[in-house]
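Enquirer: Pasting the sequence and the predicted coordinates here, then a few questions.
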There are 2 protein chains.
Amino acid sequence: MTDFVTGSTHSADALPVSAVDPLADLPGYLLRRAANSMMAELGTRLNAHELRISEATVLLLINDRTDLTSAEIGKLLEIQRANMVPLLARLETAGLIHRVPINRKSQAIVLTPHGRTRLDEVRAVTQKFEADLLERIPAQHRPHLVPALQALLG
Amino acid sequence: MTDFVTGSTHSADALPVSAVDPLADLPGYLLRRAANSMMAELGTRLNAHELRISEATVLLLINDRTDLTSAEIGKLLEIQRANMVPLLARLETAGLIHRVPINRKSQAIVLTPHGRTRLDEVRAVTQKFEADLLERIPAQHRPHLVPALQALLG
DNA sequence: AGAGAAAGCTATCCATCATAGCAATTGGAT
DNA sequence: ATCCAATTGCTATGATGGATAGCTTTCTCT
């Protein structure tokens, strides 16, 4: 598994990764490339709905909940508190979320009716995306991807 | 509720993903999270050798080759031509690569002796990293990860 | 009541990635 | 042999994501 024999010096036109790139066997490298590629694709699809991936993710996370604060969302999605600010500001400006005071310190982030409608769009996009993604993986490997990735996050 | 209220920004213990996060079943989402997590780890390890991931990747790609141009490396690693400039500049300043004219337009990027030495370090780091990564994946899923990721890049 | 933690925010900074444009050179087709 | 399109390497510039430090207000715990 640690033998990358390349030797092939093709005129680099298109990029049949595994064919030319001696790094194409390294799981870490593959992980990055695959994630980049997939996220670019998802980003493009969500762009058609004027949403960034992070924004769509927040909508999906909130869903029906009316108890999530900015800090909690950040913890769940691994987004710094400071970086939640512009993110939520955009969603609020777009009228997708609003803030409901919990006490004088905290506020719950809740979907507006419009936000809920848009969430349905997001759901359609992401479900299609996930389905397309899985479809690209040969059937015998498919059921192993999610558990493997989950193990990496533990 | 909320048991993990650690003040730490992003420590190890963070989140039992699948427990709380309703997104934890989505392959695309997992892919991004896993890649981010892994790349952060690799970045830290390479940092100890004063290299970025992209720089280390370039070293690994060049290896023995003496025919690769900046544009070709960029194509293989999916890095824009424009972004290769500062990357190679750093490697050159660090004395790890040098440029060998091919003609009046193109130049081959070649490792210096020092660059080759550093590449050995990089290889040690990445092999350890890849091994650690694979080890975290349960044995029955392990052999499926690389083929699955490769399929995503096709 | 007081101390410490947490929430929300501002202000920066850094790294990655993308785009446009430019001058020089190359290579292919006529 | 010449001309034109493509390529190379580069500059300059944004957009984005992510990280840190610090501040004020408020909550919570003892």
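Expert: It's in.
Enquirer: continuing past the longest helix belonging to chain A, what's the next helix or strand?
Expert: The residue-count maximum for a helix in chain A (DSSP state H) belongs to helix A:113-135. On the C-terminal side of helix A:113-135, the nearest following helix or strand under DSSP states H and E is helix A:142-153.
Enquirer: Now do that next one: everything it contacts.
Expert: If you take Cβ atoms under 8 Å, 6 or more residues apart in numbering or on different chains as the criterion, helix A:142-153 is touched by A:134, A:137, B:17-18, B:24-25, B:27, B:30-31, B:33-34, B:37-38, B:133, B:136-138, B:140-142, B:144-145, B:148. Any C-beta I mention is one placed from the backbone N, CA and C, and that applies to glycine too.
Enquirer: Show me how to select, in PyMOL, the buried members of those.
Expert: PyMOL command restricting the contacts of helix A:142-153 to the buried ones, with burial defined by 16 or more other Cβ atoms under 10 Å in any protein chain shown:
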select buried, (chain A and resi 134+137) or (chain B and resi 17+24+27+30+31+33+34+37+38+133+137+141+142+144+145+148)
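Enquirer: just to revisit the earlier point, remind me what the longest helix of chain A packs against, helices and strands.
Expert: Packing partners of helix A:113-135 (3 or more Cβ pairs under 8 Å, 6 or more residues apart in numbering or on different chains; DSSP states H and E): helix A:27-47, helix A:53-62, helix B:27-47.
Enquirer: Would you mind putting those into a markdown table with mean pLDDT and distance to DNA strand D alongside?
Expert: Compiled in a markdown table, the helices and strands packed on helix A:113-135 are given as follows (pLDDT from 0 to 100; distance: least, Cβ to the nearest atom of the strand, whole Å):
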| stretch | mean pLDDT | distance to DNA strand D |
| --- | --- | --- |
| helix A:27-47 | 91 | 8 |
| helix A:53-62 | 96 | 5 |
| helix B:27-47 | 91 | 6 |
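Enquirer: any idea which of these is most buried?
Expert: Among the helices and strands packed on helix A:113-135, ranked by average contacts under mean count of other Cβ atoms under 10 Å in any protein chain shown, first place goes to helix A:53-62 (a mean of 21).
Enquirer: Please name every helix or strand in contact with that one.
Expert: Here helix A:53-62 touches helix A:27-47, helix A:70-77, helix A:81-93, strand A:97-101, strand A:107-111, helix A:113-135, going by 3+ Cβ pairs under 8 Å, 6+ apart.
Enquirer: Looking at the longest one now, give me its mean pLDDT.
Expert: Pointing back at helix A:113-135 there. When pLDDT is averaged over helix A:113-135, the result is 94.
Enquirer: outside of it, which residues touch it?
Expert: Residues contacting helix A:113-135 (Cβ under 8 Å, 6+ apart): A:38, A:41-42, A:45-46, A:49, A:51, A:56, A:59-60, A:62-63, A:91, A:95-97, A:111, A:142, A:145, B:26-28, B:31, B:152.
Enquirer: now the most centrally placed residue in chain A: how far from residue A:29?
Expert: The centroid of chain A falls nearest to residue A:53 when counting by Cα atoms, centre = their mean (5.6 Å). Look at residue A:53 and residue A:29: by Cβ to Cβ, to the nearest Å, they are 22 Å apart.
Enquirer: Alongside DNA strand C, which residues does chain A contribute?
Expert: A:36, A:40, A:69-72, A:81-82, A:84-85, A:88, A:105-107 (Cβ under 7 Å from any atom of the strand).
Enquirer: Thanks a lot, see you next time.
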